[in-house]
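**Q** Fold the following and give me the result.
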Amino acid sequence: MKVEAASERELIREYLNGNHSSLQTLIERHQNRLYSYIFLLVKNKQLADDVFQDTYVKVINTLKLGNYKEEGKFIQWVMRIAHNLVIDHFRKSKKIPFVDSTKPDFDVFDTINHTDPSIEEQLVTTQIHSDVNHLLHFLPEEQKEVIYLRCYAGLSFKDIAEQTEVSINTALGRMRYALINLRKIIEEKQIVLTN
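**A** Okay, here's the model as predicted:
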């Protein structure tokens, strides 16, 4: 295990020193695992091919800029890049259906999605939850607590007030400020949360 990690570090170092074949060795070492992972997420060969290629373009650019941080194994880092690219793809390709309500056979119920969420919708929703959960760490403790109790535990504001030993107005105020602060953080970090 340590030998493989050391050789990955060495291959990256060699690539950065101009030996392009060392990157090819890294890609070949992990291509089956990475491609299988991408294909399981997107379930489309052409899209999997595109994401696979885009992943290595991003890997190359990150390596060349010197932004690669050795925090674990190389393949885990590459798979995280691929995962994010898949999420980005589904966020960008999500289209709003056009409905012409002037047609005589228009029925509002035809516009409702009657199916279970697709894999794309599930991936995007999971990523949004992960992003929001990460953002909560930037909030003051009492605001974070109200968000968890309300959104994750499903408690009413009355129950939250009792559990945290504050008035209902204080609990409501903490929730209000938590949401204001989350919006500010999202704007500052230019995070896109769409579903």
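**Q** helix, strand or coil for Leu155?
**A** For Leu155, the assignment made with DSSP: H, G, I helix; E, B strand; the rest coil gives coil.
**Q** ok, how many other residues are close to it?
**A** By other CB atoms under 10 Å, 18 other residues sit near Leu155. In short, each C-beta sits where N, CA and C put it, glycine included.
**Q** Leaving aside the residues adjacent along the chain, what's closest to the one residue sitting closest to the centre of the chain?
**A** The chain has Gln127 as the residue nearest its centroid, 3.6 Å off, counting by CA atoms, centre = their mean. Excluding its sequence neighbours, the residue lying closest to Gln127 (CB to CB, 6 or more residues apart in numbering) is Ile87, at 4.6 Å.
**Q** Compute the number of surrounding residues for the one you found.
**A** 19.
**Q** which secondary structure element contains it?
**A** Per DSSP states H and E, Ile87 falls inside helix 74-93.
**Q** What lies in contact with that helix?
**A** Helix 74-93 has contacts (CB atoms under 8 Å, 6 or more residues apart in numbering) with 5, 8, 12, 26, 30, 33-34, 37-38, 41-42, 47, 51-52, 54-56, 58-59, 62, 68, 71, 120-121, 123-124, 127, 192, 194.
**Q** and the chain, what are its domains?
**A** Using automatic domain parsing, the domain parsing of the chain gives 2-93, 115-188.
**Q** ok, for Lys43, nearest residue in space, not its chain neighbours?
**A** Ile119 (6.4 Å).
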